[in-house]
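Chemist: please find the sequence and the predicted model below.
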Amino acid sequence: MEFVKFGIIGIGNMGSAHVKSIESLSNTRLTAVCDINPAAFNRIAPEIREKIQCFTDAESFFKEADIDAVLIAVPHYDHPDLAIKALKAGKHIIVEKPIAVHKAEAERLIAEGAKHPELKQSLMFNQRTLATHIKLKQLIDSGELGKIRRVNWVITNWFRSQAYYDSGDWRASWRGEGGGVLLNQCPHQLDLWQWLFGMPKMVRATAKIGKYHDIEVEDEVNAYMEYENGMVGNFIASTGEMPGENRLVIIAERGRLTFEGGKIQFLKNEIETSEYIRSTTKTFGIADHWTCEIPALADSAGQHKKVIENVANAILKGTELIAPMAEGIRGLELGNAMLLSGLKDKVVNLPIDAGEYAEMLSGLIAKSRYQKKTSVHSDDVDMSQSFGTARS
């Protein structure tokens, strides 16, 4: 096999972008697409459309399409069901973020994935490919920073207007999307958090429903976390601040690292903080430190392309996956824990009770003002309308 034959389910904004990515890579070919609305195929350039198979039914797609792998770019609720169908059909998969809406559904998908170890299973966590994020992980994993004491991440540059939310009645609804800023905007940051720092033992959060917008889901979250090793963390996200910021601060034994605007700055202590606390005879003042700066690192074009290329190489050459699908449950559980804590006004210990979260979400869905008439299978991020394949 010289290249991997890919199919895409969901030709929305992201799905149509993935068409271009797959077509541009040397180790992949686009051979089929699937969407409930035939008009969605008009998003694909005619010269590409004329040489691929187009389906409007998922069952036919899995049975008849000439594909090795499937890229699933559909609304959040449909990720597990379609991914499971793909696995049962013997197809490698890439699932757009998030892996699911809540932990119990993610567990169901991961359990099915475990039955198919021969198939490559990835999530579209494209931000793991960014050079600065890779450098951050290297600095942490190498021990260069020393023991981490505290992490603050303020990610409020997700500003969205009321017009954005009004562009589709499914937007920012429990029934349509399953959540707000944590599930729609922040899956990448939640994944990066657990990728860099691991999972906490406890979360205490506030979640504000419609603080800035006329919506039924959260548009601001403030979360405090504690870890077994004593590290604490603060995660703040919002879609209602203008201008917002994206600033990560890591307080460690060997100094303070700040990541903002693509640049990393490390104020490196001459002596570790805890040692200085014990050994100094000074009553005021701090130890000498140096300013170490890592400018914005250049990235080759195409974060999403890198993930697709990586999966193809995993299929063709056995290359290690950048974002194994099973890891997707961690960032999702972190977001579920924040929302569970915020809406129930309590401390939540991890791992969370998946049943408790599912029950809470079910109650919210029952009261949702959006009454979903049919399942849709196009990615719902930044779309004014939904296209897709009906789910049985």
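Modeler: Here it is on my side, so go on. Here the structure is a predicted model, which means the values were calculated and not measured.
Chemist: let me see the ranges of the helices in the stretch 151-300 of the chain.
Modeler: All helices of the stretch 151-300 of the chain, identified by DSSP state H, counting those that start in this stretch, fall at 162-166, 187-197, 273-279.
Chemist: so of these, which one's packed in deepest?
Modeler: Each of these was scored by mean neighbour count; the highest is helix 187-197, a mean of 21, by mean count of other C-beta atoms under 10 Å. All C-beta atoms are positioned from the backbone trio N, CA, C, and that covers glycine.
Chemist: off-centre distance for that helix?
Modeler: 8 Å (C-alpha atoms, centre = their mean, to the nearest Å).
Chemist: and what of stretch 316-325?
Modeler: 17 Å.
Chemist: quick one: end-to-end distance for it.
Modeler: Terminal residues of stretch 316-325 are spaced 18 Å apart (C-alpha to C-alpha, to the nearest Å).
Chemist: which outside residues touch that stretch?
Modeler: 1-4, 27, 83, 93, 95, 99, 109-110, 113, 120-125, 128-129, 191, 306-307, 310-311, 313-314 (C-beta atoms under 8 Å, 6 or more residues apart in numbering).
Chemist: okay, buried residues for that stretch please.
Modeler: 316, 321-323, 325 (16 or more other C-beta atoms under 10 Å).
Chemist: what is the rounded mean pLDDT of it?
Modeler: Averaged over stretch 316-325, pLDDT sits at 98.
Chemist: hang on, the earlier thing: between the helices of the stretch 151-300 of the chain, which gets nearest to residue 264?
Modeler: Nearest to residue 264 among those is helix 187-197; the distance by C-beta to C-beta comes to 12.6 Å.
Chemist: quick one: mean pLDDT over that closest one.
Modeler: On average, helix 187-197 scores 98.
Chemist: one step back: can you list the helices of the stretch 151-300 of the chain in CSV and add distance to residue 295?
Modeler: Below are those laid out as CSV (distance: least, C-beta to C-beta, whole Å):
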stretch, distance to residue 295
helix 162-166, 33
helix 187-197, 20
helix 273-279, 26
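Chemist: of these, which is nearest residue 156?
Modeler: helix 187-197 (11.0 Å).
Chemist: between the helices of the stretch 151-300 of the chain, which one is nearest to residue 341?
Modeler: Closest among the helices of the stretch 151-300 of the chain, using C-beta to C-beta: helix 187-197, at 14.2 Å.
Chemist: what about residue 315, how many residues nearby?
Modeler: 19 (other C-beta atoms under 10 Å).
Chemist: where does pLDDT dip in the protein?
Modeler: 372-392 (pLDDT under 70).
Chemist: report the longest helix in it, please.
Modeler: Determined from DSSP state H, the single longest helix within the chain is helix 328-344.
Chemist: quick one: end-to-end length of stretch 340-355, please.
Modeler: 12 Å.
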